[in-house]
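J.: can you look at this prediction? I've put the sequence above it.
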Amino acid sequence: MTTFSLLLIPLMIIGIILYGMAKRVDIYSSFIKGAKDGIDSAISIFPFTVAMVFAVNIFLHSGILDALFGFVAEALGPNIPVSIFPMALLRPISGSASQVIMTDIFQNFGTDSFVGRFASTLQGSTDTTFYVITLYFGSVGIKKIRYALKAGLFADFVGIVMSFIVVYLIFGI
């Protein structure tokens, strides 16, 4: 299996070249045009990526999270682990920030703990909604995002709730 996986990409490239030759396509010119289009896309996406990273860093370092989680911990009681809230809140904003929090949860509670399993399930059940909307909608010039944002955040909320329910039903607290 490892030999096959090592050969897969070179075989795909050879297959594409042979297919292009069979269809009498100028393969080199097509490759150069695709590379140029890729660079143009990366350049058009760059400002949106910088803006998103800047906004996430301001949010993370503002201290808002500490105040919010203290309030949430008192409101929900001892059955729901408070250490998951930073990850659940940041997951729609930043995948890397939520992954750092998940790694911290693994180190503090273990990967096989309820919180570790909950964090893993949450990571796979939600998406970086703000990042996706900012990056993809911004790069193609879509300005009316209100319904996509509502649907994405609702899907994230459902993913968080269902992650808790599934992990609770399978593993218990």
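T.: Perfect, thanks for sending it.

J.: in the lowest-mean-pLDDT helix or strand in the chain, what's buried?
T.: The weakest-scoring helix or strand in the chain, judged by mean pLDDT, DSSP states H and E, is helix 64-76 (a mean of 71). Buried positions in helix 64-76, judged by neighbour count with 16 or more other Cβ atoms under 10 Å: Phe69. (C-beta placed from N, C-alpha, C; glycine too.)

J.: which strands and helices lie in contact with that helix?
T.: Judged by 3 or more Cβ pairs under 8 Å, 6 or more residues apart in numbering; DSSP states H and E, the packing partners of helix 64-76 are helix 85-90.

J.: export the helix it packs on as PDB, just CAs?
T.: The C-alpha trace of helix 85-90 is given here as PDB (Å, rounded to 0.1, in the frame of the first residue of the first chain):
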ATOM      1  CA  PHE A  85     -16.200  26.700  25.400                       C
ATOM      2  CA  PRO A  86     -13.100  28.600  24.000                       C
ATOM      3  CA  MET A  87     -12.800  26.000  21.300                       C
ATOM      4  CA  ALA A  88     -16.500  26.000  20.500                       C
ATOM      5  CA  LEU A  89     -16.500  29.800  20.300                       C
ATOM      6  CA  LEU A  90     -13.400  30.100  18.200                       C
END
